[in-house]
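**Q** just need the structure, nothing else, for what follows:
(2 chains)
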Amino acid sequence: MLGNYPPLTILIFLPLAGCLLLLPLWGRAVIARPVALGVAAAELALTGWLYSSWQSLSGVPAVLPGYLLMEDTPWIPSFGIRYTLGLDGISLLMVMLTSFIFCVALAVSWNAIRERAVLFLTLMLVMESGLMGVFLSLDLALFYLFWEIMLIPMFFLIGIWGHGRNIYSTIKFFLFTMFGSLLMLLAIISLHLLHARQSGRATFALHDLLQTQLPYDTQLWLFAAFFLAFAIKFPLFPLHTWLPDAHTDAPTAGSVVLAGLLLKTGSYGLIRFGYPLFPLAAQAFTPLFYTLALIGIFYASLIAFAQEDMKRLIAYSSIGHMGYVAIGIAAWEPVALSGSILQMANHGVTTGALFCLIGMLDERAHTRKIADFGGLWGKMPLWSFFFLIFSLTSMGVPGLNSFVGEFLILAGTIHKSPVVVVLSFIGIVLPLIYMVRLVQEVVFQKERRPLALVDLTLREVGILATLLLLDIWVGVHPAPLLDMIHLPVQLLIGGTP
Amino acid sequence: MTSGDMIALMPLLILVAGSVLCLLVGAVRPGKYLYAAATLVVLAALFWSCAVTAETDLPGLSVTLFSRLSSAFLYGTGLIALLLARSYNSRHGIVGEEYPATILFALTGMGVACAATDLLMLFLGLEAFTFAFYILVAIKRDSTKGGEAGLKYLLNGTLSAAILAMGIALVYASRGTIKLAELASGNGAPEPIFLAGGCLMLLGMAFKLSLVPAHLWTADVYQGAPTPVTALLSTASKGASLVALLLLLPIFGAWSGLHDILWMLVLLSTLAGNLAALVQKNIKRMLAWSSVGQMGYVTLALVAAPAGGTRVAAFYLVVYAAAGLAAFGAVSVLSNEEECEALEAYRGLGYRNPLPGAALAVAMFSLAGIPPAAGFMGKFAVFAAALRGGEVTLAIVGILSALVAVFFYLRVVVVLYMKPSEGPAEAVRRLDVSEMVALLVPAVAMVILGVYPQPLLELLGKILF
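**A** Sure thing, here's the model as predicted:
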């Protein structure tokens, strides 16, 4: 046990403290890399400990129902902002995903980032802190603070170590996200004021604000602002245009974190804040949400089919996959919502792995154009094996993790809106088309350009094997994770009429 | 005047005596030691204002907690500007004792403005420091830009002084008193002559705060003045003017026109300032336009004054001042023999000059309102005050123009860290200790206020009504 130490605060600030360790190592990347990875591993161990003991934690009387751990102190009383953190099954899953993905991202960029490596490691750790904060905050102002803080390191990651039109992409990413967030900030403040007017207490605490009685019109406006911010992160059609640019031009670690974690903050925010706070408005938005998600699925899949650049193709496929997560949330029904939450983690693992694979290929060949490759099965059997498996996951083959999530989403949604499910079943076929084409052209076709390619190193195999293990584990035995999110999901759904 | 009054007024006496001595001694034995001496004088005044709690109420001047702490803040910014100026001036051939002496004189004026209890004293304080800036802006004699800036500031400044004086005269003609407390307690509907005077005074203050439509001097003056002067002009001068405005606003009572005038000033300033900053390629002009927008946010808090806006306006100004000092401080440190003001000249500077680069970057994030820099807390407080006051339109316009602002602030960060430097890299100058202090203090202040603003907010809540 951690004794009297607050585990959630440690979870957030451990990576930040790790940055201090890196300061004296400035310019000495050889030592700094293992230190940073060590910090990330310690964080992973901490989340692992939380996971192993979550059942013994549940039922502690001092916390709100559904929560395993909470921490709460006043922070800026003048504004009514508190430092409230809470861990329930959903945030535990997200926190586990975060600490895991950061280990992967640091390991995969071990040799790829050579310039200003220590700055890179520092920014990665800062971002890990920011993401942990997003997934653990239960005070809206605190949440917003972390939500914005995580933008800064990503802005630098894409801008400094990216390639292509990376500066254009990183500014676009930043401005898109800020646009939504700033309006959400106004909505958060308005909600705070409305609550203060009703109850006489100035607070940003989620569980107080949930009690606010809001007229339908007000709900609509406020939810619209929240929805916009989260939909941009999600990203939903037509707010997705920042994503392909940012993913393509980011360094591999950046893409892994973007796809694996940053997109999840959008869906997490909607589940944790948007829907519970504004239930009526959320219901009113459901048709729009379904429509945008479906358009996103079809549109992104068609665009993915036409891509020449492998990384861009995967970026578009991300939009499609997140469309299913969106459908599961829109249904707001226990099975579908569980599916969405599980799928958030699954997508992080799968797409993270695909971006890793493409990054590894890019390091060797210095090109990502599909037309440059072919016949990799003969030249890089290990790479091809992993690429094939993760592509199959992306297609939703049973036994691998994506299938579980998508199945639950569709199975849950079918009671609510059969039409949406039928349409999205058609959508499920589309990844099959573009992924098969991708695998066929890159792995199986005849060699098109003579490229001297070396197969994966032990480090790379280690990373991919870990990812694959998770992929299969969740694919065949998702029950422990579903158990973990069962109670919070029930409480969330029960909260809405 | 009793000895108790003397003790309370001591910071002002220290400054004015320091200023005169600086001129006298400098005439006999000029040298760089005068900067150190002036720094010590300001430090003494700052320390005295913070530590000595003596209060007094003289005709026209009264030393209160409010006046002590607000002038201490202004002396603090003056201190940093002096630290920056020492090395900058010797690099740029600005010699002579008049520089430190004028800075001390400007700070005296600000101190007087903070302690004023009637309109005449307020006018004297405001014009005393503005007068000092006429000299400081044009102090680099061989610079044509400096001369142009000085002339522009002088012409605009005298016009606004005339407007302010006319306003005071009309108010006196209508009410027969210039005492702020008596003017504020006057009840009943305000008469037209009083309102005409009040509006003229507001226009004069809008000039000092560079609010649109009285902002046209800002960009040229900021660009042409030596950068440490710009640093002071954009922070201390704005701070003192805000203090004066806070003292003035109560005289309007519940007149609804005040709200409409401020409302219009906010709308125009946030839009014009942020949009014009978007197209600037010169960092000093960009910061000048951005300060127009930033003053718009300060005023936005004042529009919502009944809902706790004055405290928020003061908080925002402190946060803005830290960012302004860090940003102009970085520009002035990076200006070797030539002014380093073209944005393109900053390519890759973040790596070659880590401290000024980082200070500039933090200032940009703070001005853009992105946490954990303090600017976020400032924006948060301003928008909360605006929404509490029911100013939804202004809040939405303000937040969208803040989004526009994010773009041009980020562009500086992009140039600093993401664009490789072109051509052979200049040898990097080693920074003085004084320059390091002048950069570190505001940068650290921005981070601390961004993470834990509570003590400052409580303090402001105590000294403001």
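**Q** just for chain B, where's the confidence low?
**A** Applying pLDDT under 70 to chain B flags the ranges B:187-188, B:306-307, B:424-426, B:465.
**Q** looking at chain A, which strand is longest?
**A** Looking across chain A with DSSP state E, the single longest strand is strand A:67-76.
**Q** check whether it comes near chain B.
**A** Yes - on the criterion CB under 8 Å from any CB of the partner chain, strand A:67-76 is in touch with chain B at A:Trp75, A:Ile76. C-beta: built from backbone N, CA, C; applies to glycine.
**Q** would you mind measuring from B:Asp118 to B:Leu124?
**A** With distances taken as CB to CB, to the nearest Å, B:Asp118 is found 10 Å from B:Leu124.
**Q** neighbour count winner among these two?
**A** Applying other CB atoms under 10 Å in any protein chain shown to B:Asp118 and B:Leu124 shows that B:Asp118 carries more neighbours, namely 22 against 16.
**Q** residues from the stretch 101-250 of chain A in reach of chain B?
**A** Counting by CB under 8 Å from any CB, the residues of the stretch 101-250 of chain A near chain B are A:116, A:141, A:145, A:148-149, A:151-152, A:155-156, A:159-160, A:166-167, A:170-171, A:174-175, A:178-179, A:182-183, A:185-186, A:189-190, A:192-193.
**Q** next one: whichever strand or helix holds B:Val298 to chain centre, how far?
**A** B:Val298 belongs to helix B:283-303 when elements are defined using DSSP states H and E. The chain centroid and the centroid of helix B:283-303 are separated by 11 Å under CA atoms, centre = their mean, to the nearest Å.
**Q** report all helices and strands that that helix contacts.
**A** Here helix B:283-303 touches helix B:218-224, helix B:227-248, helix B:256-278, helix B:309-334, helix B:374-388, helix B:392-418, going by 3 or more CB pairs under 8 Å, 6 or more residues apart in numbering or on different chains; DSSP states H and E.
**Q** could you pull out the strands for chain A?
**A** Counting by DSSP E, the strands of chain A are A:67-76, A:81-88.
**Q** in the stretch 51-200 of chain A, which spans are helices?
**A** Using DSSP state H, counting those that start in this stretch, the helices of the stretch 51-200 of chain A run over residues A:54-57, A:89-108, A:117-136, A:140-149, A:151-161, A:166-199.
**Q** can you put those helices in CSV and add mean pLDDT and mean neighbour count?
**A** Shown next, in CSV, are those (pLDDT from 0 to 100; neighbours: other CB atoms under 10 Å in any protein chain shown):
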stretch, mean pLDDT, mean neighbour count
helix A:54-57, 78, 14
helix A:89-108, 94, 25
helix A:117-136, 95, 26
helix A:140-149, 95, 24
helix A:151-161, 94, 24
helix A:166-199, 93, 21
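**Q** pull out the buried residues from stretch A:268-281.
**A** A:268-279, A:281 (16 or more other CB atoms under 10 Å in any protein chain shown).
**Q** ok, longest helix in chain B?
**A** In chain B, assigned by DSSP state H, the helix with the most residues is helix B:144-175.
**Q** just give the nearest non-adjacent residue to residue 462, would you?
**A** All of this is about chain A. Computed as CB to CB, 6 or more residues apart in numbering or on different chains, the closest residue to A:Gly462 that is not its neighbour in sequence is A:Ala107, at 7.6 Å.
**Q** can you look at chain B instead?
**A** B:Lys462's closest residue in space is B:Leu65 (CB to CB, 6+ apart), at 7.3 Å.
**Q** ok, now A:Leu121?
**A** Closest residue in space to A:Leu121, ignoring its immediate chain neighbours: A:Ala36 at 4.0 Å, by CB to CB, 6+ apart.
**Q** the one you found contacts A:Leu25, doesn't it?
**A** No - with contact defined as CB atoms under 8 Å, A:Ala36 does not reach A:Leu25; the gap is 9.2 Å.
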